[in-house]
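S.K.: show me how the following folds:
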Amino acid sequence: MPGDLIIFLDKLAIYQNENLILANVSLTISRGEFVYLIGRTGTGKSSLLKTLYADLPIRTGTAGVAGYDLRKIKRHEVPFLRRKLGIVFQDFQLLVDRSVNENLLFVMRATGWKEGAGMTKRLQEVLAKVGLQTRGNKMPHQLSGGEQQRVAIARALVNDPEIILADEPTGNLDPESSEGIISLLMDISKTGRAVLMATHNYAMFEKYPARTLKCEQGKVIPVN
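M.R.: Predicted coordinates:
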């Protein structure tokens, strides 16, 4: 992909099973760019994100993500693609029987980290980045919703990804916590990572303006 482009889609068709969800999707996202993806429930936001992390196969069109051609990617290459991506979900998806530290260490071990001192150092770095450096020994149920989502973002940052894909990350949060999460994700984009955030939270657009794409009637169209 040319230059600073980290996501490149051209005339892409996105299917769920045999159902065409989005047609003729063409867009580019560059390193360090923050982009909102909006649209009503069922318009294809999550399907687009799933395509980007190779959970949905591509039948027609072109898709390049973090240096991988998603039309040609092999099954054994998908974990390597996903190490370049940080994925944040609406429902946090934390392991409820483990502390914050253990949640992060679990992901590290699953993605090939071996050296204990290096793991501890990285764990402390990402918790500091999301403002939770004193919360590592807490269990998820001891944290607020906003704090749990910050842990999820820390987990997404562990492998120093090139892209953060956030699927409704403020969907379960109160307005104050939502604002903190969007501010944090915008700060992350300023470190050179691309951030694509699917959201219903239209109230934040005026306070935190950014390029916006909309899923509507089977298309992805620019809003601004």
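S.K.: quick one: the strands in this structure, in order.
M.R.: Taking DSSP state E, the strands of the chain run over residues 5-16, 19-30, 34-38, 60-65, 68-69, 85-88, 163-167, 194-198, 211-216, 219-222.
S.K.: need these in TSV with mean pLDDT, can you?
M.R.: Converted to TSV, those look like this (pLDDT from 0 to 100):
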stretch	mean pLDDT
strand 5-16	95
strand 19-30	95
strand 34-38	95
strand 60-65	95
strand 68-69	95
strand 85-88	94
strand 163-167	95
strand 194-198	96
strand 211-216	95
strand 219-222	94
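S.K.: which of those has the highest mean neighbour count?
M.R.: strand 194-198 (a mean of 26; mean count of other CB atoms under 10 Å). Using the backbone N, CA and C atoms, a C-beta is placed for each residue, glycine as well.
S.K.: how far does that one sit from the chain's center?
M.R.: Centroid separation between strand 194-198 and its chain, computed with CA atoms, centre = their mean, to the nearest Å, is 6 Å.
S.K.: what do you get for stretch 95-103?
M.R.: Chain-centre distance of stretch 95-103: 20 Å, with CA atoms, centre = their mean.
S.K.: in stretch 72-84, what counts as buried?
M.R.: Within stretch 72-84, the residues that count as buried by 16 or more other CB atoms under 10 Å are Ile73, Leu81, Arg82, Arg83, Lys84.
S.K.: name the nearest of those residues relative to Thr28.
M.R.: Within the buried residues of stretch 72-84, the smallest distance to Thr28 is 16.8 Å, found for Lys84 (CB to CB).
S.K.: next one: the closest one from Gly136, what distance?
M.R.: Counting by CB to CB, to the nearest Å, the separation of Lys84 from Gly136 is 25 Å.
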